[in-house]
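Asks: Sequence plus the predicted model coming up.
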Amino acid sequence: MIASTLVKYSGPGLAEPSGIADQDQMADEPTRGRYGGAAKPIGRIHWAGAETSDIWNGYMDGAIRSGRRAAAEILTRTS
């Protein structure tokens, strides 16, 4: 069923799987397997968005809170 749908929309090259990809989500440094995204800065990269909020994760209010948090982190950066 899945293969026929892939072929229908993407062409015959997807009729047969060519391999399997496996990823250890817990070993993924930015997310560590969490539902939401990373919030802790990595170097000069500061994360903001609904998925990075500690409160109201995934909602507009969380996006606003995380944007304010990231802006405060950047403004107080000492480098």
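Replies: On my side now, so go ahead. None of these values were measured; they are calculated from a predicted model. Numbering: from 1, shown residues only.
Asks: Residue ranges in this protein under the pLDDT threshold?
Replies: Counting by pLDDT under 70, the chain shows low-confidence ranges at 30-37, 78-79.
Asks: can you tell me which helix in it is longest?
Replies: helix 60-75 (DSSP state H).
Asks: can you give me phi and psi for residue 42?
Replies: Main-chain torsions, residue 42, degrees, to the nearest 10: phi -120, psi 100.
Asks: whoops, I mixed them up, residue 76
Replies: phi -100, psi 0.
Asks: Next, count neighbours for it.
Replies: 7 (other Cβ atoms under 10 Å). In this view, the C-beta of every residue, glycine as well, is placed from N, C-alpha and C.
Asks: ok, it - contacts?
Replies: Residue 76 sits next to no residue when contact means Cβ atoms under 8 Å, 6 or more residues apart in numbering.
Asks: From residue 60, how far out is it?
Replies: 25 Å (Cβ to Cβ, to the nearest Å).
Asks: can you check residue 75 too?
Replies: According to Cβ to Cβ, residue 75 stands 23 Å off from residue 60.
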